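Peer 1: Sequence and predicted model, in that order:
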Amino acid sequence: MKRNKVLRVCVTEDELIRIISNCVISEFKKLCDKVEVRHKKGSADEDSNNWILYWSNQLNREIPQKIQCPCCNKQTSDIVGAHVIDNRKRTFITPVCRCCNSKAATDNGFRQTPFFVRENDLAELKKRS
């Protein structure tokens with residue numbers, strides 16, 4: 001059986017509080033710039049390849065070669081633009097993997113499962129007038 005080594009470090013109470021505070025603040029900042037979304041019902045029949053172009057144009061950003069899908073957290077290069085809604089019922093396009101986007105079309109439970117997307121990765125879908 002392999003034994004773990006014990007590392008002893010001497011720090012003052014103030015230093016320990018500062019270290020813990022910095023870790024908490026860092027994690028809090030990561031959460032603060034994220035928005036809870038769900039896949040939008042009834043949008044799967046639309047061409048997701050065109051929607052990633054819409055996302056790119058709206059945010060004036062290149063389509064990434066690879067992403068960590070915010071829905072399943074897997075690294076992928078098979079990226080599409082998914083319709084998602086936030087808690088205020090606003091519709092956005094955001095990059096996800098093709099697998100998650102396809103699964104949302106057929107699996108109501110999966111579609112209703114919330115996930116978090118960085119706010120700057122959401123392109124609001126303007127309503128046509």
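Peer 2: The structure has been received and is ready for your questions. Numbers count the residues shown, from 1 in each chain.

Peer 1: did I read that right, Pro70 in a strand?
Peer 2: No: per DSSP: H, G, I helix; E, B strand; the rest coil, Pro70 lies outside any strand segment and is coil.

Peer 1: ok, for it, nearest residue in space, not its chain neighbours?
Peer 2: Val117 (4.7 Å; CB to CB, 6 or more residues apart in numbering). For glycine as for every other residue, the C-beta is placed from the backbone atoms N, C-alpha and C.

Peer 1: just Gln58 next, same as before
Peer 2: Ala123 (3.8 Å).

Peer 1: Quick one, grab the pLDDT at that neighbour.
Peer 2: With respect to pLDDT, Ala123 scores 95.

Peer 1: With the one 4 residues further on instead?
Peer 2: Turning to Lys127, the model gives it a pLDDT of 70.

Peer 1: ok so, going back, list the beta-bridge partners for the residue nearest to Gln58.
Peer 2: Ile93 (DSSP bridges).

Peer 1: I'd guessed it sits against Ile93; true?
Peer 2: Yes: judged on CB atoms under 8 Å, Ala123 makes contact with Ile93 at a distance of 4.7 Å.

Peer 1: Tell me which of these two has more neighbours.
Peer 2: Ile93 (27 against 22; other CB atoms under 10 Å).

Peer 1: which residues sit in contact with that one?
Peer 2: Residues near Ile93 by CB atoms under 8 Å, 6 or more residues apart in numbering: 51-52, 54-55, 58, 81-84, 122-123, 125.

Peer 1: residue ranges with poor pLDDT in this protein?
Peer 2: Along the chain, the model assigns pLDDT under 70 to residues 1-2, 7, 25-32, 43-49, 128-129.

Peer 1: ok, which stretches of it are helices?
Peer 2: Taking DSSP state H as the criterion, the chain carries its helices at 13-32, 48-59, 98-106, 108-111.

Peer 1: Ok, which of those comes nearest Gln65?
Peer 2: helix 48-59 (12.2 Å; CB to CB).
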